[in-house]
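Participant: Let's see this in three dimensions:
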Amino acid sequence: YLISMIENGEIPLGKLIFRSDKLNFLSSLANEYDQQMLVDTEHSLVHMVRIKTRLIELRMQTLTLKTIFEHFLMIFYN
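Facilitator: From the prediction side, this is the model:
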């Protein structure tokens, strides 16, 4: 990410060399990128948990419907 920003001219390479304040700037960019990665990962995990919960709910509904249908068939054919 950082390299592509330098390649695209968003961050001038000349201003980064031998300047401690620029190193701090790079560090803050890296921290911001890491933070965004953590947030994105957290959102993905929350989304996966919601999907898993919904799948469990659907499975329970399917089992309930199957049980009701089997009970109906037993009554109907007996």
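
Participant: and the lengthiest helix in the chain, how far from the chain's centre?
Facilitator: Longest helix in the chain, counting residues (DSSP state H): helix 20-77. What separates the centre of helix 20-77 from the centre of its chain is 9 Å, taken as Cα atoms, centre = their mean, to the nearest Å.

Participant: Give the rounded mean pLDDT of that helix.
Facilitator: For helix 20-77, mean pLDDT rounds to 87.

Participant: helices or strands next to it in the packing?
Facilitator: Using 3 or more Cβ pairs under 8 Å, 6 or more residues apart in numbering; DSSP states H and E, the elements in contact with helix 20-77 are helix 2-7, helix 13-16. C-beta coordinates here come from the backbone N, C-alpha and C atoms, glycine included.

Participant: ranking these by mean pLDDT, which is last?
Facilitator: helix 13-16 (a mean of 65).

Participant: Report the central residue of this structure.
Facilitator: The centroid of the chain falls nearest to Ser44 when counting by Cα atoms, centre = their mean (1.7 Å).
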